[in-house]
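J.: Below is the sequence, then the predicted model.
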Amino acid sequence: MKAMEPTWEPYEEYGQLTGRENLPDTVFAFPRQRKEPLTDAHHVRNAAARFDQVIDVSDEDRALAFANIEKAAQYYGVNLSETNWQELGIQPQQNREEAAAKGVETRRREREEELREGKETAAEKAAETRKRKHEEKL
């Protein structure tokens with residue numbers, strides 16, 4: 001099966017909280033079903049973790065969802081160890097605890113390094129980028 005072209009696009013609404021019903025289809029991992037919104041790094045990790053729990057979708061839908069998760073993960077700086085959607089569907093996921101511990105250690109080490117060097121943290125950079133993009137739209 002050839003790789004699907006992702007449909008995901010970043011979406012950041014300012015002001016009042018946006019309800020799920022107001023989100024565009026392009027923000028969901030499964031856009032036709034409007035399942036698994038990918039609005040930030042937390043939601044991307046959640047979509048990857050819950051990927052195999054989404055029911056009533058075709059293999060084509062899963063391929064598209066994985067492409068969208070990959071694109072959102074890259075945008076939000078989330079490291080995915082999986083290289084295709086079939087790897088997300090393994091139950092129980094192999095090496096899950098080891099991978100999670102490695103991810104936690106990597107994030108802790110990166111944060112300590114940023115603080116030690118006086119650099120902006122990833123969260124601060126993301127907030128500045130969102131603010132700048134919002135101001136550019138005005």
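T.: Sure, I can see it.

J.: Report the rounded mean pLDDT for stretch 36-55.
T.: Mean per-residue pLDDT for stretch 36-55: 91.

J.: now the helices for this protein?
T.: 41-49, 59-76, 85-88, 96-116, 122-137 (DSSP state H).

J.: Just the buried residues of the longest one, please?
T.: Translated: helix 96-116. Using 16 or more other CB atoms under 10 Å as the burial criterion, the residues of helix 96-116 that qualify are Glu114. Yep, even glycine has a C-beta here, placed from its N, CA and C like the rest.

J.: and it, C-alpha only, in PDB?
T.: This file holds the C-alpha atoms of helix 96-116, laid out as PDB (Å, rounded to 0.1, in the frame of the first residue of the first chain):
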ATOM      1  CA  ARG A  96       5.800   0.200  25.300                       C
ATOM      2  CA  GLU A  97       7.100   0.700  28.800                       C
ATOM      3  CA  GLU A  98      10.700   0.900  27.600                       C
ATOM      4  CA  ALA A  99       9.800   3.400  24.900                       C
ATOM      5  CA  ALA A 100       7.800   5.500  27.400                       C
ATOM      6  CA  ALA A 101      10.700   5.600  29.900                       C
ATOM      7  CA  LYS A 102      13.100   6.500  27.100                       C
ATOM      8  CA  GLY A 103      10.800   9.400  26.000                       C
ATOM      9  CA  VAL A 104      10.400  10.700  29.500                       C
ATOM     10  CA  GLU A 105      14.200  10.600  30.000                       C
ATOM     11  CA  THR A 106      14.800  12.400  26.700                       C
ATOM     12  CA  ARG A 107      12.300  15.200  27.500                       C
ATOM     13  CA  ARG A 108      13.800  15.600  31.000                       C
ATOM     14  CA  ARG A 109      17.300  15.800  29.600                       C
ATOM     15  CA  GLU A 110      16.400  18.300  26.900                       C
ATOM     16  CA  ARG A 111      14.500  20.500  29.400                       C
ATOM     17  CA  GLU A 112      17.500  20.500  31.800                       C
ATOM     18  CA  GLU A 113      19.900  21.300  29.000                       C
ATOM     19  CA  GLU A 114      17.600  24.200  27.800                       C
ATOM     20  CA  LEU A 115      17.400  25.600  31.400                       C
ATOM     21  CA  ARG A 116      21.200  25.200  32.000                       C
END
